[in-house]
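**Student:** no sequence on this one, just coordinates:
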């Protein structure tokens, strides 16, 4: 079963938003700002893809939402210091678990 029309455009558009958020986070200053851009990119891109596919294949839209949620958390844990819950940073590497530097430098 293939996606067509709006679903295809939505999938590619959502993917583009996710990639833009990830690259945007890589080139900004300030870890808090990077973290916000990363999560907003994943949330917006995943939402675009889920909504675009929901009309044609509701069951697949839930799979896409779950996939985006899982990938965003896995990438944040293994590659970035962006998985921060309750003031604590969760990351695979010790360097990424360090507290956020102060905003003023």
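**Tutor:** Arrived safely, thanks for sending. What you see is a predicted model; the values in this text were computed from it and never measured.

**Student:** count the residues that sit near residue 33.
**Tutor:** 13 (other Cβ atoms under 10 Å). For every residue, glycine as well, the C-beta is placed using N, CA and C.

**Student:** from the contact counts, what lies against the one helix or strand it maps to?
**Tutor:** For residue 33, the host element (DSSP states H and E) is helix 31-54. Applying 3 or more Cβ pairs under 8 Å, 6 or more residues apart in numbering; DSSP states H and E, one finds that helix 31-54 makes contact with helix 6-27, helix 58-79.

**Student:** the last one vs helix 6-27, what angle?
**Tutor:** Orientation note: helix 58-79 sits at an angle of 10 degrees relative to helix 6-27 (axes from the mean of the first three to the mean of the last three Cα atoms, to 10 degrees).

**Student:** buried sites along helix 58-79?
**Tutor:** Within helix 58-79, the residues scored as buried using 16 or more other Cβ atoms under 10 Å are 60-61, 64-65, 68, 72, 75-77.

**Student:** reformat those as JSON lines; add distance to residue 36.
**Tutor:** Compiled in JSON lines, those are given as follows (distance: Cβ to Cβ, whole Å):
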{"residue": "60", "distance to residue 36": "29"}
{"residue": "61", "distance to residue 36": "26"}
{"residue": "64", "distance to residue 36": "23"}
{"residue": "65", "distance to residue 36": "21"}
{"residue": "68", "distance to residue 36": "17"}
{"residue": "72", "distance to residue 36": "13"}
{"residue": "75", "distance to residue 36": "16"}
{"residue": "76", "distance to residue 36": "12"}
{"residue": "77", "distance to residue 36": "17"}
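
**Student:** let me know the closest of these to residue 42.
**Tutor:** residue 72 (4.0 Å; Cβ to Cβ).

**Student:** for this protein, what are the low-confidence residue spans?
**Tutor:** The chain contains residues with pLDDT under 70 at 1, 104-105.

**Student:** tell me which residue is most central in it.
**Tutor:** Taking Cα atoms, centre = their mean, the centroid of the chain lies closest to residue 42, which sits 2.5 Å from it.
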